[in-house]
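**Q** next input, structure requested:
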Amino acid sequence: MANSFLNSLAVTLPAVVIPILVAGFAAYAFTFMTFPGRDLLFSLVVALLIVPVQVALTPLVRLYGDLGLMGTYAAVYLAHIGFNMPLAVFILRSYMATLPTAVIESAKVDGASHFQIFWRLVLPLSVPALAAFATFQFLWVWNDLLIALLYLGTGERQVVTVTLGGLIGSNQIYGWQVVTGGAIITMAVPVLVFVSLQRYFVRGLTAGTVGG
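**A** Numbering: from 1, shown residues only. Below you'll find the model as predicted:
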């Protein structure tokens, strides 16, 4: 379980940090920048929310096989990043739309670039939305079994959910007390993450849903 615990962290942390950074830039562009096809492109991003990851399992196996990524951590967290990126963009864009535009306009008048406005103003003000998505993403990736088992498999790199599944399947050998202990270890980190970020959770998800 100790080795699987570290493997889960190696998969989960990039799957949380990378989409937050990429989606943050995209959400800023959709909210505060004007370019041709902006609304159409955002509509396409939102439409991708209905596409389940299961439809790409076989194509990704072939693609990862051609690229030599099967059995690596990158194969797992890239799949999670790709399919959860639309949700990240949607949540962050909805929250950024509620930020006071006067602050952004004042920064532009003072000569701040888009990157400076994003990094020094918008990103710090969007902490509740960032924390809300980070909580969702962490729980989904940490508790995932299908993608990790398919693209990473068993062995030295297996994650905690795969290890726990093995313990459940062999409970007659190890006993239910070992299975219960493994389940508690598996749940400990998600519970800690949720408790730590819960004050931002509702605030980040409900921003922009009610008109004032």
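**Q** quickly note the distance from residue 149 to residue 106.
**A** When CB to CB, to the nearest Å is the yardstick, residue 149 and residue 106 sit 51 Å from each other. Bear in mind the C-beta positions are built from the backbone N, C-alpha and C, glycine included.
**Q** center of the chain, which residue is that?
**A** For the chain, the residue lying nearest the average C-alpha position, counting by CA atoms, centre = their mean, turns out to be residue 137 (3.3 Å).
**Q** neighbours around residue 113, how many?
**A** The burial metric for residue 113, expressed as a neighbour count using other CB atoms under 10 Å, is 10.
**Q** what about residue 149 and residue 106, which has more around it?
**A** Neighbours around residue 149 and residue 106, counted as other CB under 10 Å, are more numerous at residue 149. The numbers are 16 against 13.
**Q** can you tell me the helix or strand for the residue nearest to that one when sequence neighbours are not counted?
**A** Closest residue to residue 149 in three dimensions, ignoring its sequence neighbours and counting by CB to CB, 6 or more residues apart in numbering: residue 162, at 5.4 Å. In this structure, residue 162 sits in helix 160-169 according to DSSP states H and E.
**Q** what is the end-to-end distance of stretch 30-43?
**A** Distance between the boundary residues of stretch 30-43 (CA to CA, to the nearest Å) amounts to 11 Å.
**Q** in that stretch, what counts as buried?
**A** 30-32, 42 (16 or more other CB atoms under 10 Å).
**Q** max pairwise distance over those residues: which two?
**A** The most widely separated members of those, counting by CB to CB, are 32 and 42 (12.8 Å).
**Q** for whatever helix or strand residue 95 lives in, packing partners?
**A** Residue 95 is part of helix 73-96 when elements are defined by DSSP H and E. Secondary-structure packing of helix 73-96 (3 or more CB pairs under 8 Å, 6 or more residues apart in numbering; DSSP states H and E): helix 2-32, helix 38-47, helix 57-67, helix 127-142, helix 146-151, helix 176-206.
**Q** looking only at pLDDT, what's the mean for that helix?
**A** Confidence over helix 73-96 (mean pLDDT, whole number) is 90.
**Q** now swap in stretch 142-162 and tell me
**A** According to the model, stretch 142-162 has a mean pLDDT of 87.
**Q** contacting residues around it?
**A** With contact meaning CB atoms under 8 Å, 6 or more residues apart in numbering, stretch 142-162 is reached by 1, 3-5, 7-8, 11-12, 53-54, 57, 60-61, 64, 69-73, 75-76, 79-80, 165-166, 182, 185-186, 189-190.
**Q** give me the buried subset of those.
**A** Buried among the contacts of stretch 142-162 (16+ other CB under 10 Å): 4-5, 7-8, 11-12, 53, 60, 64, 69-70, 73, 75-76, 79-80, 182, 185-186, 189-190.
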